[in-house]
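Generate a structure from the sequence data that follows.
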Amino acid sequence: MEKSGEKYKGLCPFHQENTPSFYLDPNNGLYYCFGCQAGGDIIKFLMEIEGWSFLETMRYLGNEVGISFNQTNKTNYTEKEKLYSINDKVKNYYKRNLYSKKGEDGLAYLYSRGLTDKIIRRAELGYALVGWNNLLEYTNNKNINIDSFLKLGLIKHSSNSNYRQKYYDQFRNRIIFPIKDVLGRVIGFGGRTIGDDEPKYLNSAESMIYHKSYSLYGIYQARKNIKEEDYVILAEGYLDVLALWQEGFLNTIASLGTAFTKDQASTIKRYTSNMIVCYDGDSAGQNATQKAIDVMKEYDFNLKVAMIPEGLDPDDYIKKYDKNKFQVEVLEKAISATDFTVKRIAENYNLNNREDKIRFSSELVKFLANLENRLEQAGYLATYAEEYKLDRSALEYELSKLAWKNNKRQVKKEQKTSEIREIILTQEKKLLKLIIGSKKLVPCEIFILPKHQRLCELITLENWSDVDELIALARDDNLESMVANIVFHDSIEENETGLIRQLTMVSIERKINILRKKISEAVKVGDDPTSLLLQFKDLEQKRAQLHTNKDFS
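Model prediction:
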């Protein structure tokens, strides 16, 4: 690396590049790449390079400097750390249940699904006993604060005034699947009933440490294999993941049965750009696949879809056939996301009917016109014209007209939106850098980007004394790279008051536009818009006040 002012510059170890964009700041102990946006402190660096968990990294660093790193009961945990610790204890409690006399039914169920002890232990599966207060009794025996169990959704408050117990267990007579984050911390649990209880699957409630939209089942165990094989298999459920792990497909994870989100896509992107979506073969699974495809468009994945026969899921398929057939017939024959979408469009039409064929052609052209790459458009058009016996020249003519209109309109819209968003996000970063220095209390809701909003809360509401401590706080929310990015930005001339005024105005304008739409929708369906109108009036008054009063806050 070569010196660049007070920092050092070199080629990034996280992505291929010819021009150095990776910087080290020895004064703050931070790194940041302006090419791939990787950034953080030495702990984050080792975790990313080596694929270690947080605890593994801390033990390594401790050994390097001759310090023994052990977790003890004397540790002064933060609130989040307490919840992680409780979840870990509960995970071990459920694990012991599974191999106990009372857990025989749970273990028998897992054996009936073809799972071996090796995979059961790898996934750290457990069992919630039959009964309403088993976990409650465990809580009492361990002298654990019941409020923490309520926060984690492990127990619930009884609404039945005639019932003698005030609380009851959330999970009962269920196989328990611990859900871990990328650092290996237990953030929640999934439970599958082995009886007739509904719902069949039950997940932990949202908590301070568990957010469904961010979480992926199996990511901690699978992350090394995903990196090594440079592709990930995205399944739909816990048992699909375990069945594929058992057959050697250790790069499999699941999206917890929820709608696939941008945050999940962003997490996966840290490990690979290649994905095979392997959801169930039924209509619900195919609909979920299409939604996942739509979410992943902006992340530039090399995305394929495994075509599981209708009525089967990956777990069923691999049991009915074998892992070799799954490899050859499912994974190796996975089709592109574009082919999958067009196939679904074609299923809506009778292509032996002339009118249906015309309507299909029209919808096909509209879909292809939205592809950004013109070479892809041409290649797919030629393929589909032959496959579905369509007039290629007519398709090309209609596509050229529509693509020209769409591109012109989209370019203008994207340029304007991108320019405005970039200006706003730059101003947000400037304000964050200023308050890192001043710790001034600002209204965090004025930030548009949720991660900027969360970082603002950490800066202004948490106790920290230097950038290292802020990085440590940010680690729980995966915001280390963002802190590094902001710290590495050049010094700025704006003052906090001016930036707060600008961002407050933007925030008010966004809220006004959202309310306009809500009021319009309420009127259309005949709902009373009074409360919305009052909110609208209040925002307009604040906007007027901001224009006229320099001391507005």
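
After the lowest-mean-pLDDT helix or strand in the chain, which helix or strand is next?
For the chain, the helix or strand with the lowest mean confidence is helix 54-64, at a mean of 69 (criterion: mean pLDDT, DSSP states H and E). Counting by DSSP states H and E, the next helix or strand C-terminal to helix 54-64 is helix 79-98.

elements contacting that following helix?
With contacts defined as 3 or more CB pairs under 8 Å, 6 or more residues apart in numbering; DSSP states H and E, the packing partners of helix 79-98 are helix 104-112, strand 126-128, helix 134-141, helix 146-151, strand 174-180, strand 186-193. From N, CA and C alone the C-beta is placed, and that goes for glycine too.

Pick the most deeply packed of the ones you listed.
With neighbours defined by mean count of other CB atoms under 10 Å, none of these is more surrounded on average than strand 126-128, at a mean of 27.

what's that strand in contact with?
When contacts are defined by CB atoms under 8 Å, 6 or more residues apart in numbering, strand 126-128 is touched by residues 91, 93-98, 103, 106-107, 134-135, 169, 171-176, 178, 191.

Could you report the neighbour count for the closest residue to Val305 other than its chain neighbours?
In this structure, Val305 finds its nearest non-sequential neighbour in Phe340, 4.2 Å apart by CB to CB, 6 or more residues apart in numbering. Burial of Phe340, expressed as a neighbour count using other CB atoms under 10 Å, amounts to 21.

The helix or strand encompassing Phe340 - what's its average pLDDT?
With elements delineated by DSSP H and E, Phe340 resides in helix 337-346, which encompasses its position. This predicted structure assigns helix 337-346 an average pLDDT of 96.

could you dump that helix to CSV, C-alpha only?
Extracted as CSV, the C-alpha positions of helix 337-346 are listed here (Å, rounded to 0.1, in the frame of the first residue of the first chain):
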residue,chain,number,x,y,z
ALA,A,337,-35.1,-15.7,-14.3
THR,A,338,-36.2,-14.2,-17.6
ASP,A,339,-37.2,-17.7,-18.9
PHE,A,340,-39.1,-18.3,-15.7
THR,A,341,-41.1,-15.1,-16.0
VAL,A,342,-41.9,-15.6,-19.7
LYS,A,343,-43.0,-19.2,-19.0
ARG,A,344,-45.4,-17.9,-16.3
ILE,A,345,-46.8,-15.3,-18.8
ALA,A,346,-47.3,-18.0,-21.4
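
Which strands or helices does that helix pack on?
The helices and strands touching helix 337-346, judged by 3+ CB pairs under 8 Å, 6+ apart, are helix 283-296, strand 302-305, helix 354-369, helix 374-387.

Just the buried residues of the last one, please?
Taking 16 or more other CB atoms under 10 Å as the neighbour-count basis, helix 374-387 is seen to contain the buried residues 377, 380-381, 384-385.

Quick check: can you list the domain ranges of this structure?
For the chain, whose domains are defined here by automatic domain parsing, the residue ranges read 2-64, 79-210, 219-343, 351-412, 417-548.

which one of the ones you listed is the most hemmed in?
The highest average neighbour count among the domains of the chain, using mean count of other CB under 10 Å, belongs to domain 219-343 at a mean of 19.

first vs last residue of that domain, how far apart are they?
The first and final residues of domain 219-343 sit 30 Å from each other (CA to CA, to the nearest Å).

what do you get for stretch 248-259?
Start to finish, the residues bounding stretch 248-259 are 26 Å apart (CA to CA).

contacting residues around Ile500?
Remark: with contacts taken as CB under 8 Å, 6+ apart, Ile500 is in contact with 431, 442-443, 446, 553.

quick one: the helix holding Phe340 to helix 354-369, angle?
150 degrees (axes from the mean of the first three to the mean of the last three CA atoms, to 10 degrees).

Go through helix 337-346 and list whatever outside residues touch any part of it.
Outside helix 337-346, the residues within contact range by CB under 8 Å, 6+ apart are 277, 286, 289-290, 293, 296, 303-305, 335, 360, 363-364, 367, 371, 376, 380, 384, 388.

Does the closest residue to Glu236 other than its chain neighbours belong to a helix, a strand or coil?
Beyond its immediate neighbours in the sequence, the residue positioned closest to Glu236 (CB to CB, 6+ apart) is Tyr279, lying 4.6 Å away. Here Tyr279 is coil, with the state taken from DSSP: H, G, I helix; E, B strand; the rest coil.

wait, Tyr279 sits on Lys291?
No. Between Tyr279 and Lys291 no contact is recorded; they are 10.0 Å apart, counting by CB atoms under 8 Å.

And the strands in the stretch 201-350 of the chain, which stretches?
Secondary structure of the stretch 201-350 of the chain by DSSP state E, counting those that start in this stretch: the strands cover 201-203, 232-235, 252-254, 274-277, 302-305, 335-336.

separation between Arg122 and Gly190?
Look at Arg122 and Gly190: by CB to CB, to the nearest Å, they are 16 Å apart.

actually Glu363, not the one I wrote
Noted for Glu363: a distance of 38 Å to Gly190, by CB to CB.

same deal with Asp280?
Separation of Asp280 from Gly190 (CB to CB): 17 Å.

Could you do Val487 as well?
Using CB to CB, we find Val487 at a distance of 38 Å from Gly190.

Next: Lys224.
As judged by CB to CB, Lys224 and Gly190 stand 22 Å apart.

what does Asp230 give?
As defined by CB to CB, Asp230 lies at a distance of 28 Å from Gly190.

Please apply the same query to Leu129.
Leu129 is 17 Å from Gly190, where distance means CB to CB.

for Asn203, same thing?
Taking CB to CB as the criterion, Asn203 is separated from Gly190 by 5 Å.

Next: Leu479.
From Leu479 to Gly190 the distance is 26 Å (CB to CB).

And Lys518, by the same measure?
Lys518 sits at a distance of 34 Å from Gly190 (criterion: CB to CB).
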